[in-house]
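1. dropping a prediction and its sequence here:
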Amino acid sequence: MWLLPLIEKLNLGKMTELGLKLSAEDIYSLNKACLKDAVVIFGGGCTGEIVSSQGLLLTNHHCGKGQVQAHSSVEHDYLKNGFWAKTKEEELPNPGLFVTFLIRVEDVTSQVLANVKPGMSEADRNSAIGEARGAIQSKAIQGTNYYAQVATFYGGNYFYLLVYERYNDVRFVGVPPESIGDFGFDSDNWEWPRHTGDFSVFRVYTGPDGKPASYSKDNIPLKPKYYLSVSIKDLNKGDFAMILGYPGRTLRYNTSWEVDELLKIEHPNRIKIRGIRQDILMKDMKADPKVNIQYATKFALGSSNYWKYSIGQKAGLERLNVKAKKQEIEKQFNTWVAADPARKAKYGEALNMIKTAVEGRAEYLNAQQYMNECFRMGCELLSMNRVAGSLISALKSGDANNVSNTVASVKNSVSGFYKDYNPPTDNKSMKAMIKLYRADVPTKFQPDFYVNIVDKKFKGDVEKFVDDMFAKSVFSCQEKLNAFLNKPILKTIESDPVVLTSASISKVMSEIGNGISQFDGNLTIGRRLWIAALMEMAPEKTLYPDANSTMRLSYGTIQDYDPKDAVTYKYYTTLNGVMEKYKPGDYEFDVPQRLIDLYNRKEYGRYASPKGYMPVCFTTTNDITGGNSGSPVMNGNGELIGLAFDGNWEAMSGDVAYEAALQRTIVVDIRYVLWIMDVYSGAKNLVDEMTIVQ
Ligand code: ARG
């Protein structure tokens, strides 16, 4: 996960040895169009790449799924059946979706720390840094439409300025049926061998002047600074592979106490709470196609993706003894510190600060996670409290204009919520979550609605309490809310069960937040010292900074791996494997008839491997994490050979401790992507926009 301005100095030699044919300037340059100009942050948390002179963009199916879902209904089920715009006019706008291009990166550490003096209090330090960051950011965007961010690296020891440009008109162009795009669903998620066509297609538009603009039918396709060529040449084990993208978060420098925190709190809690809720959702989704669409994204990406991640990571941390490995590094550190009084004075307290902070915050962190999972995610209806809040303040203002404006904006803003809301499903989930919180969380963190309402009014019966809430609340369905909005009354909404229950929860939530923040100071200082010491301890070994949603480069090769004794996994999968997994009518492993027909006729066109099969996915030694989804995987010429979309089960602890022998990136082969677009879907026009190298 290397930083772009440093690849010339740190990585280019090794990359060239492995097969890179480009210069560092071809990848990242301030002076000319280069690979980084083709790579974007897609929406809030994925990566995408531009592949034509007309702003065509590829990302993963699971990255575009939210948009596909938003455009879907039982009548037009694009999730189930796929969608392809035949012309640009048919491409669908996506309110709220944007893509972000990186303009430049610059090390600004010395400027940021210019006014930080030794012995300064942490608060003074923070305000000196905050001021400097603000000034650097505003200077960087003067006279432009860019935005800038000074981000922290290496635990707060380094700072880089990132300047970005954002485009807000991003249209949905096409997606395969989810039986291709999400083939294998949860059973195959985070696992290899994999057979998923995890891609979707969008297009970036600009105003007629070529500048970013919000949606308008007069907008035109983006003329990008740079777009990737696409290679359909055959791939072999050992081939160079390089990824540019936006990894979100890694914890590679975390200590043994923080590993313990994951093992004892974060993972078991998530596994337990989401497991209970997911069983409730899945039952309703399988029973009703409408509910299946409504909860598709909430289930897969809002819940089960990181639920399964937690299962895998917990097992991996235990199996690979990650805590003991961290303790070993801490032992080396202690010896290094003890050897020199100056080191002792500077770093002697680092680990102790982390340890006491992590131990001190444990009970709060546990309660906070239960709060978030049970009440915030598990009780959808309670999210309407925000809407209630804006109505209450408008009604209290007594200003009729204010009231009617607020009512109009509420009507507008809640339609997305209700489109994806099935009250009976939420009712069941809420009952389970409210019971679970009471059973698992210590009394001192229990909101008082349990005693004051559930016990006093409903004799402790959570089911009756929840049924009563659904019966009485004006928020429990859109019709009721609309009726209320036509004649809003302050008293009614102030005593709405959603409002009363939420107030009781918020009170405890903020106590918990205060509880945690007592330890923030020591944790921040401890981590900063710890990482500074690690960098000083191993100056010959260049450390890369933990992922923080900034653009990084990863290089490696296409490789097999050995998941366990006596077993080797090949680096590629084929369409034969899709047919081996095929289970007619199954929720996860069904296959469209057309795919079966093409398979039977071996109609692979120019996309087949010369080795005689239709390639589907492959594995590389690249280092990626969540946020990299959709990233371009490129060959030594910088040509696109696939889209990164996952990691493998045997190395799920990789975000905390990298495992070179086990860790692989799972990639959908670009030949499968193009074959699905061209031959399967008949979207040859899109393939023709691209520059294909064969
Ligand atoms: N594990 C993948 C990632 O986090 C996402 C896969 C999405 N598919 C799914 N069935 N949930 O990048």
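-> All right, it came through fine.
2. got the residues of the chain near the ligand?
-> Proximity of the chain to the ligand, by C-beta under 6 Å from any ligand atom, involves residues 62, 182, 185-186, 189-190, 300, 304-305, 626, 629, 645-646. Just so you know, the C-beta spots here come from the backbone N, C-alpha and C atoms, and that holds for glycine as well.
3. again, only using 8 Å
-> 60-62, 65, 182, 184-186, 188-190, 196, 198, 300-301, 304-306, 308-309, 626, 628-629, 645-647 (C-beta under 8 Å from any ligand atom).
4. got the phi and psi for residue 227?
-> phi -140, psi 160 (degrees, to the nearest 10).
5. residues near the residue found closest to residue 649 once you drop the neighbours it is linked to in the chain, how many?
-> Spatial nearest neighbour of residue 649, chain neighbours left out: residue 191 (4.7 Å); criterion: C-beta to C-beta, 6 or more residues apart in numbering. Close neighbours of residue 191, defined as other C-beta atoms under 10 Å, add up to 19.
6. also the one 10 residues further on?
-> For residue 201, the neighbour count with other C-beta under 10 Å is 27.
7. just the element for it, please.
-> Applying DSSP states H and E as the criterion places residue 201 in strand 200-206.
8. tell me the strands beside whichever helix or strand comes after that strand, with direction?
-> As assigned by DSSP H and E, the chain's next helix or strand after strand 200-206 is strand 220-221. Here strand 220-221 is paired, per DSSP bridges, with strand 200-206 (antiparallel).
9. what about the helix or strand harbouring residue 412, distance to the chain center?
-> Element membership for residue 412, per DSSP H and E: helix 400-413. On the basis of C-alpha atoms, centre = their mean, to the nearest Å, helix 400-413 sits 33 Å off its chain's mean C-alpha point.
10. CA atoms only for that helix, dumped as PDB, please.
-> C-alpha atoms of helix 400-413 as PDB (Å, rounded to 0.1, in the frame of the first residue of the first chain):
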ATOM      1  CA  ALA A 400     -45.800  28.800   9.400                       C
ATOM      2  CA  ASN A 401     -43.400  29.200   6.500                       C
ATOM      3  CA  ASN A 402     -40.700  27.200   8.300                       C
ATOM      4  CA  VAL A 403     -43.300  24.500   9.100                       C
ATOM      5  CA  SER A 404     -44.400  24.100   5.500                       C
ATOM      6  CA  ASN A 405     -40.800  24.100   4.200                       C
ATOM      7  CA  THR A 406     -39.800  21.500   6.700                       C
ATOM      8  CA  VAL A 407     -42.900  19.400   5.800                       C
ATOM      9  CA  ALA A 408     -42.000  19.600   2.100                       C
ATOM     10  CA  SER A 409     -38.400  18.600   2.700                       C
ATOM     11  CA  VAL A 410     -39.400  15.700   5.000                       C
ATOM     12  CA  LYS A 411     -41.800  14.400   2.400                       C
ATOM     13  CA  ASN A 412     -39.100  14.500  -0.100                       C
ATOM     14  CA  SER A 413     -36.300  13.000   2.100                       C
END
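11. what's the neighbour count on residue 565?
-> Residue 565 has 5 nearby residues by other C-beta under 10 Å.
12. re the thing from before, packing partners for the helix holding residue 412?
-> helix 385-397, helix 478-486 (3 or more C-beta pairs under 8 Å, 6 or more residues apart in numbering; DSSP states H and E).
13. adding mean neighbour count and mean pLDDT, write these out as JSON lines.
-> Putting the helices and strands packed on helix 400-413 into JSON lines (neighbours: other C-beta atoms under 10 Å; pLDDT from 0 to 100) gives the following:
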{"stretch": "helix 385-397", "mean neighbour count": "17", "mean pLDDT": "96"}
{"stretch": "helix 478-486", "mean neighbour count": "15", "mean pLDDT": "96"}
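14. hmm, which helix or strand of the chain has the shakiest average pLDDT?
-> Within the chain, no helix or strand scores below helix 7-10, which has a mean of 91 by mean pLDDT, DSSP states H and E.
15. where does the stretch 1-150 of the chain have low pLDDT?
-> Along the stretch 1-150 of the chain, the model assigns pLDDT under 70 to no residue.
16. against which helices or strands is the stretch of helix or strand residue 17 belongs to packed?
-> Assigned by DSSP H and E, residue 17 falls within helix 12-18. Judged by 3+ C-beta pairs under 8 Å, 6+ apart, helix 12-18 is in contact with strand 240-245, strand 552-557.
17. quick one: the ones you listed as TSV, columns for mean pLDDT too.
-> Listed next are these as TSV, based on pLDDT from 0 to 100:
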stretch	mean pLDDT
strand 240-245	98
strand 552-557	98
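18. most neighbours per residue, which of those?
-> strand 240-245 (a mean of 26; mean count of other C-beta atoms under 10 Å).
19. against which helices or strands is it packed?
-> Using 3+ C-beta pairs under 8 Å, 6+ apart as the test, strand 240-245 ends up in contact with helix 12-18, strand 552-557, strand 632-634, strand 640-647.
20. so it versus strand 640-647, what angle?
-> Put simply, strand 240-245 runs at 70 degrees to strand 640-647, going by axes from the mean of the first three to the mean of the last three C-alpha atoms, to 10 degrees.
21. for residue 286, what are its contacts?
-> Shown in contact with residue 286 (C-beta atoms under 8 Å, 6 or more residues apart in numbering): 292, 587.
22. three-state assignment of it?
-> Using DSSP: H, G, I helix; E, B strand; the rest coil, the structure places residue 286 in helix.
23. can we start the residue count at 30 from this point?
-> Happy to do that; since the first residue is 30 now, the last one works out to residue 315.
24. excluding chain neighbours, what is closest to the residue in the stretch 430-579 of the chain that the ligand sits nearest to?
-> Nearest to the ligand, among the residues of the stretch 430-579 of the chain, is residue 576, at 13.2 Å (C-beta to the nearest ligand atom). Using C-beta to C-beta, 6+ apart and skipping residues adjacent in sequence, the residue nearest residue 576 is residue 276, 3.6 Å away.
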